[in-house]
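A.B. asks: quick one: sequence and predicted model below, then my questions.
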Amino acid sequence: TGYLLPNTDTYLVMVTGPAPEDGAFNLVVDVVAPSAVLTVDNDLLDCPGADSRSLVAAALAAPAGATINICPGTYSGIVSIPISQAGVQFIGSSSSEVTLRLDIRGAVLFVQGDTPRIANLTVELVDPVSSAGIMLLNSTGALIEDVVLRNADPSGDLQVAIDLSTSSHDATIRRVRTDRTFTAVDGGGNNILIEDCQFEGSSAILNLAGNAFIVRNNVWNSDELGQAMKIVNGAGHQILDNQITILTPDIGANLGTAAMWIEDDDAAGNLPASIIRGNRIITNEAGFDLRVDRAGSAIVCEQNSVQMTAKGRTAVVVLPQRDAGADVLIQNNVFDGLDNYEGIHLRWADWYGSLRFLNNTLRVDTQSPILATYPTIRVTLQSGGFTGALPVLIVNNVVQGPGDGVAVQLPLNTTIDSDYNLFNGYPGYYNDGTSSTGLNDLLGQDPLITGPLLQLDPASPAVDTGAGTGDVAEVPVTDYAGTVRPQGGGTDRGAHEQ
């Protein structure tokens, strides 16, 4: 008396809930014929003519290049939705209307096919431990856009929003929002673009490995300890115009975890320098942790601002991973609220090819404990026996001290090329080592800093008195805002040109 299914078709039968006590089930069968365009509606109310009520069935039936249109509704299940064919587009009507929810551990969407597009939907996990919202299993060319990822419990955290596995190359992640996520994007690959995303709550770290990442125009609002991004084992990155706010009550904030940990490791020796530009960081932890590795590795950190909201943290730590002659350029940045114990730490200076610190403006926090030996700029060695000239250039910086401490702490019996700086608020300026130049430094003069970005008052002694390119060839020809230098009778010291 029942309906006889054709024996020439292939069927997927899934139990989508716990077994009832009497062992009886209502069996719902969706027959989905492969098609270039498939429409799915879980209750057939919004799209009565839909091809299926099951996203899993539609995904299994979709041939390469197919489009699966998802009508409004909440699609819950205990089976991941598989996308195994190349070029499948998995498109919701909008992220406010379509929710995909997995009620057990695992990935809501499990992608193996290349060049998929996933868009206009919300992804939720009921059990977020050891789970991911979207899992790309070494899929190339994925496009994920206009997607929200979160825990089904609004007060809970999501473990991983998007998992790239180890080599999901050429992916684009655009206009994605994560809510309370420990790791927003995890994994590896090359040529990955992450832009215009919003990461709300928790740490929401980008934990990535590979070459040529572009991370731009994203916003973080974090209330937990941890980096906003950690990018390692690669080179040639562009980290541009991101806004990061980290305000954590964690006791771990005292560890000074950096908002950005960026490593440039140019194993092939043919990639351009990693560029870190135009980022705005507000944090009660620390700013940048910059690392360079082998010969050919290079980082340019410019036109960024770091505002410390606690009693001083380290704005920049720079570390070479080996004695290979890598290059680091830090210029036109604004660092405010620095730790007077160590505002800038240039580590293992004897291992660089060149380390240039040019036209930055720094202001030290005056509320934390001060000792006479605390430096704002600390230069250290990897080899304790090194003496002589270090490949360090410190020029045209404006540094407002806390009233005690020392401006620049150098290793014993070393020299650096440091000149045309303005140091104020210190009883001592170069400690232990010496500047090989320094004849044009302005010492003990108030720089007349004004405004939240530490601009100079027109009457500042730093205006028009800095080194130009005729004095020091490496001086930048534009300022923090991109204004051409000089604008007046000479180049200004610090990040801003009047």
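C.D. replies: Now that the structure is in, tell me what you want to look at.

A.B. asks: only C-alpha atoms from now on, for both contacts and neighbour counts.
C.D. replies: Will do.

A.B. asks: pretty sure Ser35 sits against Ala62.
C.D. replies: Yes: at 6.4 Å, Ser35 counts as touching Ala62 under the criterion of CA atoms under 8 Å.

A.B. asks: looking at these two, which one has more neighbours?
C.D. replies: Set Ser35 next to Ala62 and count neighbours by other CA atoms under 10 Å: Ala62 wins out with 25 against 17.

A.B. asks: so how far is Ile68 from that one?
C.D. replies: When CA to CA, to the nearest Å is applied, the distance between Ala62 and Ile68 equals 8 Å.

A.B. asks: joint contacts of the two?
C.D. replies: Residues touching both Ala62 and Ile68 (CA atoms under 8 Å, 6 or more residues apart in numbering) are Leu38, Val88.

A.B. asks: the helix or strand of the chain with the lowest mean pLDDT pairs with which strands?
C.D. replies: For the chain, scoring each helix and strand by mean pLDDT, DSSP states H and E identifies strand 434-435 as the least confident one, at a mean of 74. Strand partners for strand 434-435, identified by DSSP bridges, are recorded as strand 414-419 (parallel).

A.B. asks: which SSE is immediately downstream of the strand it pairs with?
C.D. replies: Scanning forward in sequence from strand 414-419, with DSSP states H and E defining helices and strands, the next element found is strand 422-424.

A.B. asks: list the contacts of that next one.
C.D. replies: If you take CA under 8 Å, 6+ apart as the criterion, strand 422-424 is touched by 396-401, 407, 429, 441-447, 462, 493.

A.B. asks: now which of these would you call buried?
C.D. replies: 396-401, 407, 429, 441-444, 446-447, 462, 493 (16 or more other CA atoms under 10 Å).

A.B. asks: Glu342 and Arg356, how far apart?
C.D. replies: For Glu342, the distance to Arg356 (CA to CA) stands at 18 Å.

A.B. asks: and if you look at Gly466?
C.D. replies: With distances defined as CA to CA, the gap from Gly466 to Arg356 amounts to 16 Å.

A.B. asks: neighbour count for these two, which is higher?
C.D. replies: Set side by side, Gly466 and Arg356 show unequal neighbour counts under other CA under 10 Å, the larger going to Gly466 at 28 against 20.

A.B. asks: low-confidence ranges in the stretch 351-498 of the chain?
C.D. replies: Of all residues in the stretch 351-498 of the chain, those with pLDDT under 70 make up the ranges 368-373.

A.B. asks: and the closest residue to Ala62 other than its chain neighbours, what does it touch?
C.D. replies: Setting aside the residues directly before and after it, Ala62 is nearest to Pro34 in space (CA to CA, 6 or more residues apart in numbering), at 5.5 Å. When contacts are counted by CA under 8 Å, 6+ apart, Pro34 is found next to Ala61, Ala62, Pro63.

A.B. asks: spell out which helix or strand contains the last one, please.
C.D. replies: Using DSSP H and E, Pro63 is not contained in any helix or strand.

A.B. asks: the contacts of strand 422-424 in helices, which ones?
C.D. replies: Members of the contacts of strand 422-424 lying in helices (criterion: DSSP state H): none.

A.B. asks: among those, which are in strands?
C.D. replies: Val398, Val399, Gln400, Ala407, Tyr429, Leu442, Leu443 (DSSP state E).

A.B. asks: mind putting the residues you listed into CSV with distance to Phe182?
C.D. replies: As requested, these are arranged in CSV below (distance: CA to CA, whole Å):
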residue, distance to Phe182
Val398, 37
Val399, 36
Gln400, 37
Ala407, 38
Tyr429, 42
Leu442, 46
Leu443, 46
